[in-house]
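Enquirer: build the 3D model from these lines:
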Amino acid sequence: MKHDYDSQAYWKETLKLLRNVLILWFLVSYGAGILFVDFFNQFHLGGYPLGFWFAHQGSMYFFVAQIFYYAWRMNNLDVKFDVHED
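Expert: A predicted model of the protein is given here:
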């Protein structure tokens, strides 16, 4: 029975991580590039308004960083719950 509890806890934490990653993905891509573009355009990065930068380049950099973060966190969860590959 203990194995079932650990399995449920593992999937609960996995889904929580996935939810958080997707929320951040939405906020950066849709929020920074579309919803809050007027606010971000007050600031400039590399000569371009920040909202424009997020919509065209910044979101891609964020997504790549997010992939590495997700893989790192999933590896930690796998080790924590002893389901990692040897």
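
Enquirer: strands along this structure, start to end?
Expert: Under the criterion DSSP state E, strands of the chain are mapped to 44-45, 48-49.

Enquirer: mind putting these into a markdown table with distance to Val28?
Expert: To be clear about C-beta, it is placed using only N, CA and C from the backbone, and glycine gets the same treatment. Formatted as a markdown table, the strands of the chain follow (distance: least, C-beta to C-beta, whole Å):
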| stretch | distance to Val28 |
| --- | --- |
| strand 44-45 | 14 |
| strand 48-49 | 16 |
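
Enquirer: export those to a markdown table and tack on mean neighbour count and mean pLDDT?
Expert: Putting the strands of the chain into a markdown table (neighbours: other C-beta atoms under 10 Å; pLDDT from 0 to 100) gives the following:
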| stretch | mean neighbour count | mean pLDDT |
| --- | --- | --- |
| strand 44-45 | 13 | 90 |
| strand 48-49 | 15 | 91 |
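
Enquirer: nearest to Gln8, of those?
Expert: Gln8 lies closest to strand 44-45 among the strands of the chain, at 43.8 Å (C-beta to C-beta).

Enquirer: what does that closest one rub up against?
Expert: Leu50, Trp53, Gly58 (C-beta atoms under 8 Å, 6 or more residues apart in numbering).

Enquirer: next up, the contacts around the second one.
Expert: Taking C-beta under 8 Å, 6+ apart as the definition of contact, the neighbours of Trp53 are Leu45, Gly46.

Enquirer: longest helix of the chain?
Expert: Selection of the longest helix in the chain by residue count, based on DSSP state H, yields helix 2-26.

Enquirer: what's in contact with it?
Expert: Phe62, Phe63, Gln66, Tyr69, Tyr70, Arg73, Met74, Leu77, Phe81, Val83.

Enquirer: which ChimeraX command selects the buried ones in the residues you listed?
Expert: Filtering the contacts of helix 2-26 down to the buried ones (16 or more other C-beta atoms under 10 Å) takes a single ChimeraX command:
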select :62,66,73,77
